[in-house]
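Undergrad: Structure, please.
(chains A, B, C, D, E, F, G and H, ligands or ions: 10)
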Amino acid sequence: MGELKLMKGNEAIAEAAIRDGADGYFGYPITPQSEVIEYLAAQQPEERTGMVLLQAESELASINMIYGAAGSGKKVMTSSSSPGVSLKQEGISYIAGAELPCLVLNVVRGGPGLGTIQPSQSDYFQSTKGGGHGDYHLIVLAPASVQEMYDFVELGFDLAFKYRNPAMILSDGAIGQMMEKVEIGEQKPRMTEQQIKEKYPWATTGKTPDRERNIITSLELDSAKMEKFNEKLVEKYRTIKENEVRYEEIQCEDADYLLVAYGTSSRICEKTVEMARQEGIKLGLLRPITLFPFPSQRLAEYAQKVKGIMSVEMSSGQMVEDVKLAVESRVQVEHYGRMGGIVPSAEEVLQALKQKFL
Amino acid sequence: MGELKLMKGNEAIAEAAIRDGADGYFGYPITPQSEVIEYLAAQQPEERTGMVLLQAESELASINMIYGAAGSGKKVMTSSSSPGVSLKQEGISYIAGAELPCLVLNVVRGGPGLGTIQPSQSDYFQSTKGGGHGDYHLIVLAPASVQEMYDFVELGFDLAFKYRNPAMILSDGAIGQMMEKVEIGEQKPRMTEQQIKEKYPWATTGKTPDRERNIITSLELDSAKMEKFNEKLVEKYRTIKENEVRYEEIQCEDADYLLVAYGTSSRICEKTVEMARQEGIKLGLLRPITLFPFPSQRLAEYAQKVKGIMSVEMSSGQMVEDVKLAVESRVQVEHYGRMGGIVPSAEEVLQALKQKFL
Amino acid sequence: MSEEIIIAGFGGQGVLSMGKILCYAGIVQGKEVTWMPSYGPEMRGGTANVSVIISDERISSPIISEFDTAIILNQQSMDKFENSVKPGGYLIYDGNGITRHPERTDINVYRVDAAAEAAQMETTKTFNMIVLGGLLQVKPIVEMDKAIEGLKKSLPERYHHLIPVNEKAIHRGTQIIQEVRKAKVEA
Amino acid sequence: MSEEIIIAGFGGQGVLSMGKILCYAGIVQGKEVTWMPSYGPEMRGGTANVSVIISDERISSPIISEFDTAIILNQQSMDKFENSVKPGGYLIYDGNGITRHPERTDINVYRVDAAAEAAQMETTKTFNMIVLGGLLQVKPIVEMDKAIEGLKKSLPERYHHLIPVNEKAIHRGTQIIQEVRKAKVEA
Amino acid sequence: MAEQQQQLTSEDIIQEENLVFDRTQLLTDNVFHYCPGCGHGVAHRLIMEVVEELEVQDKAIGIAPVGCSVLAYNYMDIDMQEAAHGRAPALATGIKRTMPDKYVFTYQGDGDLAAIGTAETIHACNRGENVAIFFINNGIYGMTGGQMAPTTLEKMKSSTTPYGRNIKQMGNPLKITELVAELPGTYYVTRQAVHKPGAVRKAKKAIKKAFEYQKLEKGLSFVEIVINCNSGWKMEPVDANKWMDENFLPYYPLGDIKVPEKK
Amino acid sequence: MAEQQQQLTSEDIIQEENLVFDRTQLLTDNVFHYCPGCGHGVAHRLIMEVVEELEVQDKAIGIAPVGCSVLAYNYMDIDMQEAAHGRAPALATGIKRTMPDKYVFTYQGDGDLAAIGTAETIHACNRGENVAIFFINNGIYGMTGGQMAPTTLEKMKSSTTPYGRNIKQMGNPLKITELVAELPGTYYVTRQAVHKPGAVRKAKKAIKKAFEYQKLEKGLSFVEIVINCNSGWKMEPVDANKWMDENFLPYYPLGDIKVPEKK
Amino acid sequence: MAKLQGRIVVDTEKCKGCGVCIPACPFDVIALADNVNSKGFHYAYMKNPEACTGCVNCALVCPDAVIQVYRKKATA
Amino acid sequence: MAKLQGRIVVDTEKCKGCGVCIPACPFDVIALADNVNSKGFHYAYMKNPEACTGCVNCALVCPDAVIQVYRKKATA
Ligand SMILES: Cc1ncc(C[n+]2csc(CCOP(=O)(O)OP(=O)(O)O)c2C)c(N)n1
Ligand SMILES: Cc1ncc(C[n+]2csc(CCOP(=O)(O)OP(=O)(O)O)c2C)c(N)n1
Ligand code: SF4
Ligand code: SF4
Ligand code: SF4
Ligand code: SF4
Ligand code: SF4
Ligand code: SF4
Ligand SMILES: [Mg+2]
Ligand SMILES: [Mg+2]
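TA: Ligands and ions are numbered 1, 2, ... in the order given. As a prediction, this is how the structure comes out:
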C-alpha cells in the first residue's frame, strides 16, 4: 500500500499530476480550486520531476498553452472553476477538433455569472454535451472522494491519450476543499522525448528526415473532408461509449428505488441509502463515474427492475435528462436538486424520494 | 405592406436592428456573419437613428460591451459565429445571471475548433442547454428564412426585455449568406432616456434622489439567497416554456411520419415533404421556431398519432435528444444528419426516412 | 412555375450580381426568390457560384443540386455543374478559357462569347450583363424591362450612371443568342 | 464507530488545523476521516468552521448538519451550532467573547477558557491546542499519542521545533477539563 | 516659551459647526468587508467624495471588478454594474458609448486589469474611451488568497510564488500604467497612493481630474492607486504601508506619467 | 565607350552551377493560396530560408494563426500547429516551456496579434518567453474580407470603415510593436518589410537574429513584417506596395526598435 | 494668536483597529484601546486629545472612513 | 574586366502575374506575358534577357517564390 496522506481534493489533484509524470500545468487562480496551483508552486515540480508550472495571464491563455504543449505530445493539464471554464470553451473545442489529449479540471461553483463560490453541479450540460461549438465530446470523470481526485488524474490522462481526446474531471467546491485520506502512488517517470516520438508519432516534436511534417489543426475547408473527420469523431465517441463506461453500484441488487447521483451528491445519497435501508426502504444508488460516456445501458437495465429513479443533483436538473434518455420512459424518473451552492442533506433527499414515490 | 428588398440574412439582421430602434451593436468579424457589421458600417446607423456601432477588439469584449449597455437598459446586440460564440460563453452566463435583456446572433459554422466556415447546426446544445456555466437558459429563436432573420430581431428583443433574459438567434451560414425577399418594417424610434427610466427602473441610468441605487450583478455570496435567485430563474424559464413556444406545422394534420427540423434543415425538409407527398407518403414537418422553449408538448401530442419521427439536423444529433425527451418513447424517434458544412438534400432526407421507417 | 438556375465562374466575373439582378427582377414581378452563394475565405481568384430560384410559390429548399438552367463561365464550373442540369434544361456558357466543351445532348447548350464581346465593346466590366442578356433571350425567366429594373435596384445610387452601358450589354447578349439561334437553324 | 465533530470560531483561531490534527490522528489509528471546511473569499477576520468525521467505516456524506461534538470559539458560532449538537452530545467552548452561554440541558457542556490560559502561558498561538487537549479529555476520539503524532504530521518540518510547546498546551487542556470535572463533581 | 492658549473642551469642539471631516454621504452605511487597514476603503471614499463634490451622483455609473472590490456596489451609493473578471473596460465602453453624458468609471485590481483584462484595458485606452479607469494596484490577487499578480515584485512572495517571484519563470512585474501612457487614446495617466495623508490629498486631486476631463470629453483618464494588501502580503497594516514605501513604490514611483499638454 | 562584353547565351547561364537563387527546399510544392502579390508568401519563404540555413528544421515548431496565413502549415515543411485566433503566443509558451530546446515561433496577422490576441501577446512578451513572434502587419483583416484591423490607418477604408477609419469612433492605429518594445521581456524588436529587394534582405537578417537569440536563450524576439493586402486594400499589387511606401510606412517606420544592449 | 484645536470621533463599532491612523497623526494623538468592540477589534481612541489640531490626517488615511474630525479656533 | 550576366527562370504555371518583380528589377528585364497560364494569370517572362545581371532582386520580392536566378561571370 502506498503512503497515506491527508489532503484536500485540490491538493490531491496536484500531487497526482506530479506523480503521474505530467509534463506541465498551466492555470489561473480561481476559488474554489486555487489550491491546485498553490500546492504545485509550493512543491516546485520543476525540481521534483522537471514538470513545468506556469501561472498564465488568464484561463484563455492557459487552455491554449496546454493546447500547444499537448500538440507536442506532452502530458499537460489545466484547472479552473465554472466562469473560468466557460472562458476555456473555445480552446476546448479546438483541442477536441485537433484530437489532442489533455486534462481539464473543473471544480464547479454555482452560477450563472459570478454566482457563488460554493459547490454546485450546474456545469453538467456544459461538460457532457459540449459547452464549446461543434459536435464534440469530452471524456468526463466525476470523482466522489479525494482519493478519486487523486486517482482520476492518471485515469484521465490515460483515457485522453488512448483516444486522443481531452478529458475533464468534473468536481465541485466541496470535493476540492475537503480533506480525506489519500493513498499516494509511486512517482512515475516523465516520458522522454524519444519515447514521445515513438509513442505519439503525430506530435510536433520537430520534423525529422524519417517522416513527413506533423500538423496539428482543426481546420478543414473542404466540407466533404470535414464531414469525414466529423464522422471519425462520432465513431470515436461510439467506441468510448462502448468501452469506457464506469459507475459504482451501492445496494442496487435488490433495490426498489434507485438514486442516480455523482460527485458530492453521490456521497450524500450514500447516506440516504443507509437511512432508507434502516427504514426498510429498498433504496440503491447508481453513481456514474463517467458522465460521458454515461452509464445509459446499466440504467436501462435497472429501469426494468425498479419502481422509480431519482436523479439527485446540485442543479436545476441536468443529468436527469440523460437518465430519462437512458430509461426510455420504462420507469418514472424524478429529479431532486439544490442550487446556489447548497448541498442537499441526506435527510431531505430521503424526504424527496418518499414524496415522489411513496 | 412594407418595402420589399433583396437581402442577405446577415444584412436583414442589421437592417432590422436599425429599424427596431436598437441602441447599439458591438461585434467582431468572423465568417460567415461579417456582413452584419459591414452592412451596419455602410449604413452609418449613428446618422440614421443614433444607434452606436463598434467593432470591438474581440468577441469577449463585444459580449461584455453589450452586457454594460444592457445593464443601462439599452437595446443592444452582438453577433458572431461558432468559435466566437464559444468565447462569449462566460459573458452570456453573466448576462443571464444579471437578468439582462440582449440579443446574440450565432451564424453557425461547422466545428469543432476552427472547423469549416460552411453552415452547420452543431451548436444546438451550446445554445439551448447553456454553453456557459451555471443553470441558465437563453431564449433561442431559429429563423428559416431571410424574412425571419429580419423579423426575429424585433421578436428577440421583445422577448428579451419581456423576460429580462438574453435571447439568441440561432442561424447558420446558409441563412446568413443567402438572399431572399424581405419585407422591411417601419423605422421605430429609439427609446429616450426618460422612457428607459420609466420602463426599466432597474437600469443603471444614474441614481436619482427618487430611488435607491441600481445594481447590476450576478454575484451572491450567501448560498440561501443564491438558491432563491436560482429558483427565480427556474420559475422564469417555466413561464417562458408555458407562454413562448413557437413552431410551424407543415402538412402535419394527417401525417403518418413527422420530420422535425429547424432553420436551413427545415427548408430542405419542406421540400422532402413535397416529394414524399408526391409519392403518397403522408409526411409532415414540425419546425420548432423557438428551440428554447422547445415545442415538447406539441411533439408529445403528435407522438400519439404518428408512426415515426425523424429529427433532421446538420449535426451528429443534438436536437433529437429534446425530441426524444418530448415524446417519451411513445413513438420511434430517429436522427438524420450531415456534418462538416454539408447541407443534406431533400432527396437524401426522404431516402433516410424510408430506410428508417418504411 | 419555378425556375432553378446556377451561375458559376471565377470570382470577379460578376456571377453574384447577375444572380441578384435576376432576383430583383423576380421580386418586381411579384415572385418569390432565393439567392444562395457559395462562400469561402476572402482570396482573389478562385471560383464563385450562386444558385437562384425564382418561383410563383413559397420556395422550400434554397439549396438544390439540380438546375433548370446553368450559366457557366469557366472550366472548373463546367466540370462541376454540367451534369447538374436537368434533362431538357439549358446550359449557357462563355467559350473563353473553356478547354472541354459540354457534351450532353439531352439539354440545350448555348455558347455566348461574352468575354470576347465585352472586350470588343471596350467595357469588360459589362461582361456579365451580356451573359444575362443571353440568358433572358434563351429563357425569359423574367421580363426584359423587369430585368432592367432589377439592375437599377441592385446598383447603389452612385453607380446609376453606369446603367445605360449595362443595358446596352444586356441587349447585346440577347442579340448574340438570336444570331446563334439563327446560325443553328441555318446550320 | 463514527464521531462527527464541528469546530467553529474566528478565522485565525486555528480551527482548521485543529481539525487536521484530529484527522491525522485518526489516520494513524487506521480510521477513515473527512475534513470539510467552510470557505469564502479571502478576508481577515470573519468566521471559519470545519466539520470532521472520524469513523471505522467508509464515510458516506462528509457534509452533515448534526454533530456528536461541537467545539465553539466565538459567539457567532455558538448561535449557529449550539442546536446542531445531537442530544446527549458534547459542546466545548471558550468563554472568551461569549455573551450568551449555551443553554441546552440535553447535552454535555464544557467551558475551557483556553484563550485566557494561552495568554497566561504566554503562547497565544497554542490556544487551539489547549482546546484540543480539552476535547480529547472530554471525549477520547483518538488516543493522546496518536494526536501528538497527528500534530507532527500536520506541521511542516520547519515548524517541528514548536511541537513541544504545542504538546504542553494539549496536556494543559486535558488538565483544565479534569479540573472542571472535579469542580462539577464537588459542586 | 509659547504663551498660554485657551484649552477648549471636547464639548466645545465637537459641535456640528466645527465638523471639518466627515464620511461622505455617498458612501452607504455598510461596513466595508475589507481586511483591517486595506486601502480599498480609502480609494472608495475618495471617488465618492469627488462624485459628491462634482454633484454628479445622478450621472455616475461605476463598474466593479472581480477582485476584493467585487462588492464595491455595496458601498458606493451610485448606480453600479459588476463586470466579469477583467472586462470592466468593455462594460464601460458599452455604457459610455450608448450614454455619452454619464460619468463612467471602472474600479479594477491589478489581476483584473493587467492579467486577464489586458486586451480590454489596452483597447479601451487605445480607443480613448471617454471614461475613467481607477486601477488599484496591490501587487497581488487579494480576493482569491494572495496569488501572484502581474505587478508582484521580483522575489516577492505570494501563494503561487512561495519562494519569491522568479523573473525567469514568472516574467517581469508589469508596469501597465506606463504602457497605457504610450497610447494616444489616454489623456491623463498618473500613479497615486493612499497610505499617507499627503498621498491621499494628491490621489483625490487626480481622481477629480479624471472626472473633469471626462466632462470635457478628453478621452481616457487612467489613475493607478497603489494600496497595500496586508492580508496577501502577510503583514500588519502599518507594516504593510511601510513595506510599500520601501519596496513597492521605488518600482512603481508615484506621480503623473502623462499629463495633458495644454489645458 | 564600354568595351564589348562577351554576351552569354541563356544556355550558358542556366546551368546548375550558376544557380544563385532557388526556392528553399523547406517550402513545400503547394502553391500559396494567397492573392497574387500578397506579402505573406515572401514572409513564409524568408522564415524557411533561415530555418534551412540554420539547419534547425528538426527543431523548429511553428504556430499558424487564424488569418490569411491559417494554412501556413501547407507551405512550411516543418512541424506546425494551428492556434485559435489570437492565441498563438499561448501555444508557443506551452510548447517552448515543455520543450526548451526547440525553436518555436508564431506567425500572426495584425488582427490576430493586436486585437483579439492582445493579452497573450503582451504577456508572452512580458514574460520574455524564449520564442520568436513574426508579426505580419497588413493593416487589415485579410482573411475575413478586409475589415478594419487595430493597425488600420486613420481615414483608411476597410469593409467596416467604408468611409475611412474615424479615430474618434474607432480608436487609434495601434503601434503594438513599439508597445512590446517597452516590456523588459522582449530582447529584440524590429519592424521590417518585404516589398523591395533591400527590405527583403534586411527582413531576412532580422528573422535570422530572432532565431539566433532564441538559441542563446535571450528571451522574446518580436519581428514585425509589414506587407500589403492588395485584396483588402482594393489595389493592384504593385500599387499596393507603392501605397504602402507612401502611406503605411511613414506611420509604421521600418527599422530596429529595440536592440540588445550588448551581445 | 489663534491656535487650532481639534477632536476626532471614531465610530468605535465600525473601527477595525488597523492602526493606520496612528502614524498618520503628526501629534501622536491616537492609540488603540485595550478593549475590543463587538467584532473583536481594538478600536482607535484619543489617548492624547489636547494635542489634536484637527488636521484631518488621520481621517484621510482611515480605510474604513470611521473618523470624524472637529476643529475650532482657540483664541489666546 | 568581368561582368555578371544573369537569367531568371519563372515557373510560369505557378506565377500569379502579380507584377511585383517588375519594378524590383533594376534593369527592366521582366514583363508580363500576353498569354495566360492555366490559372488565367499573365505570367512573368524576360522581355529583355540580356540586361539581366542575376542580381536576384526579382526573386527576393516574388511572393510566390517562383523565380530561379542563374548568374555567370562573363569574361571580356
Ligand atoms: C474568469 C475568472 N477567473 C478567475 C476568477 C477568480 N478571481 C477572482 S478575483 C481574482 C483576482 C483578484 O485580484 P485583483 O484583480 O488584483 O484584485 P484584488 O483582490 O487584489 O483587489 C481572481 C483571479 C474569476 N472570478 N473569474
Ligand atoms: C474567435 C474567432 N474570431 C474571429 C474569427 C474570424 N477571423 C478569422 S481571420 C480574422 C482576422 C484576420 O486578420 P489578420 O490577423 O490581420 O490576418 P490577415 O488575414 O490580415 O493576414 C478573423 C477576425 C475567428 N476565426 N475566430
Ligand atoms: S485581501 Fe488584501 S486587498 Fe483584499 S481586502 Fe484584504 S487587504 Fe484588502
Ligand atoms: S486577402 Fe490580403 S492578406 Fe489575404 S492573401 Fe489576399 S492579399 Fe494576402
Ligand atoms: S484607521 Fe480607522 S479603522 Fe483603522 S484604527 Fe484608525 S480609526 Fe480604526
Ligand atoms: S486630526 Fe490630526 S492631530 Fe487630530 S488626531 Fe487626527 S491626525 Fe492627529
Ligand atoms: S513576382 Fe513572382 S508571381 Fe509575381 S509576376 Fe513576378 S514571377 Fe510572377
Ligand atoms: S535577377 Fe536582377 S536583373 Fe535579372 S531579372 Fe531579376 S531583378 Fe532583373
Ligand atoms: Mg490585486
Ligand atoms: Mg491583417
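Undergrad: what number of residues lie near the nearest residue to residue E:117 once chain neighbours are set aside?
TA: Leaving aside its sequence neighbours, residue E:117 sits nearest to residue E:86 (CB to CB, 6 or more residues apart in numbering or on different chains; 2.7 Å). Any C-beta I mention is one placed from the backbone N, CA and C, and that applies to glycine too. Neighbourhood size, residue E:86 [other CB atoms under 10 Å in any protein chain shown]: 30.
Undergrad: One more: residue E:201?
TA: Neighbours of residue E:201 (other CB under 10 Å): 16.
Undergrad: Quick one: the helices in chain E, in order.
TA: E:10-13, E:40-53, E:88-98, E:110-111, E:118-127, E:167-170, E:176-181, E:197-215, E:230-233, E:237-243, E:249-251 (DSSP state H).
Undergrad: Please convert those helices to a markdown table, extending it with distance to residue F:233.
TA: What follows is the helices of chain E, written out as a markdown table (distance: least, CB to CB, whole Å):
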| stretch | distance to residue F:233 |
| --- | --- |
| helix E:10-13 | 74 |
| helix E:40-53 | 45 |
| helix E:88-98 | 28 |
| helix E:110-111 | 40 |
| helix E:118-127 | 22 |
| helix E:167-170 | 42 |
| helix E:176-181 | 30 |
| helix E:197-215 | 36 |
| helix E:230-233 | 50 |
| helix E:237-243 | 54 |
| helix E:249-251 | 44 |
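Undergrad: Among the ones you listed, which comes closest to residue F:64?
TA: Across the helices of chain E, residue F:64 has its closest neighbour in helix E:118-127 (20.6 Å, CB to CB).
Undergrad: tell me the domain ranges of chain A?
TA: Domains of chain A are assigned by automatic domain parsing as A:3-193, A:248-357.
Undergrad: Find the nearest non-adjacent residue to the residue in the stretch 101-250 of chain A that ligand 9 sits nearest to, please.
TA: Relative to ligand 9, the nearest point of the stretch 101-250 of chain A is residue A:114 (16.9 Å; CB to the ion). In this structure, residue A:114 finds its nearest non-sequential neighbour in residue B:219, 4.1 Å apart by CB to CB, 6+ apart.
Undergrad: Equivalent analysis for residue A:201, please.
TA: residue A:211 (7.0 Å).
Undergrad: Ramachandran angles for that neighbour?
TA: Dihedral pair for residue A:211: phi -150, psi 160, per degrees, to the nearest 10.
Undergrad: same deal with residue G:35?
TA: phi -70, psi 160.
Undergrad: From the structure, what's the count of residues near the nearest residue to it once chain neighbours are set aside?
TA: Computed as CB to CB, 6+ apart, the closest residue to residue G:35 that is not its neighbour in sequence is residue G:42, at 7.2 Å. Neighbourhood size, residue G:42 [other CB under 10 Å]: 19.
Undergrad: pLDDT averaged over stretch A:196-215, what's the number?
TA: Across stretch A:196-215, the average pLDDT comes to 98.
Undergrad: Output the helices of chain E as a markdown table; include the columns mean pLDDT and distance to ligand 2.
TA: Listed next are the helices of chain E as a markdown table, based on pLDDT from 0 to 100; distance: least, CB to the nearest ligand atom, whole Å:
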| stretch | mean pLDDT | distance to ligand 2 |
| --- | --- | --- |
| helix E:10-13 | 94 | 64 |
| helix E:40-53 | 98 | 35 |
| helix E:88-98 | 98 | 16 |
| helix E:110-111 | 98 | 24 |
| helix E:118-127 | 98 | 13 |
| helix E:167-170 | 94 | 28 |
| helix E:176-181 | 98 | 22 |
| helix E:197-215 | 98 | 31 |
| helix E:230-233 | 96 | 34 |
| helix E:237-243 | 98 | 42 |
| helix E:249-251 | 98 | 35 |
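Undergrad: Minimum distance to ligand 4: which of those has it?
TA: Closest approach to ligand 4 among the helices of chain E (CB to the nearest ligand atom): helix E:118-127, 22.2 Å.
Undergrad: orientation of that closest one relative to helix E:88-98 in degrees?
TA: 40 degrees (axes from the mean of the first three to the mean of the last three CA atoms, to 10 degrees).
Undergrad: buried ones in helix E:118-127?
TA: Residues of helix E:118-127 classed as buried: E:118, E:119, E:120, E:121, E:122, E:123, E:124, E:125, E:126, E:127 (neighbour count, 16 or more other CB atoms under 10 Å in any protein chain shown).
Undergrad: just stretch G:49-64 next, same as before
TA: G:49, G:52-64.
Undergrad: quick one on the thing from earlier: what residues are bridge-paired with the residue nearest to residue A:114?
TA: Residue B:219 forms beta bridges with residue A:115, as assigned by DSSP bridges.
Undergrad: any idea how far ligand 2 is from it?
TA: 27 Å (CB to the nearest ligand atom, to the nearest Å).
Undergrad: just residue G:46 next, same as before
TA: On the measure of CB to the nearest ligand atom, residue G:46 and ligand 2 end up 61 Å apart.
Undergrad: residues touching the residue of the stretch 101-250 of chain A closest to ligand 9, list them.
TA: By CB atoms under 8 Å, 6 or more residues apart in numbering or on different chains, the contact list for residue A:114 reads A:83, B:94, B:97, B:217, B:218, B:219, E:66, E:70, E:82, E:84.
Undergrad: what's the neighbour count on residue E:155?
TA: 12.
Undergrad: got it, and residue G:22?
TA: Using other CB under 10 Å, residue G:22 has 17 neighbouring residues.
Undergrad: Spit out the contact partners of the residue nearest to residue E:122 when sequence neighbours are not counted.
TA: Of all residues not flanking residue E:122 in the chain, residue F:118 sits nearest, at 5.2 Å (CB to CB, 6+ apart). Shown in contact with residue F:118 (CB under 8 Å, 6+ apart): B:57, E:118, E:119, E:122, E:123, F:86, F:176.
Undergrad: quick one: whatever residue of chain G ends up closest to ligand 3 from residue G:9, how far?
TA: Using CB to the nearest ligand atom, the closest approach of chain G to ligand 3 is made by residue G:63 at 8.5 Å. Distance, residue G:63 to residue G:9, by CB to CB, to the nearest Å: 17 Å.
Undergrad: Work out for me the element residue C:87 sits within.
TA: strand C:85-93 (DSSP states H and E).
Undergrad: Flag every buried residue along that strand.
TA: C:85, C:89, C:90, C:91, C:92, C:93.
Undergrad: Would you enumerate the residues in contact with the residue in chain G that chain F sits nearest to?
TA: In chain G, the residue that lies nearest chain F is residue G:63 (30.8 Å; CB to the nearest CB). By CB under 8 Å, 6+ apart, residue G:63 lies in contact with E:32, E:34, E:36-42, E:237, G:16, G:18, G:20.
Undergrad: Sounds good, over and out.
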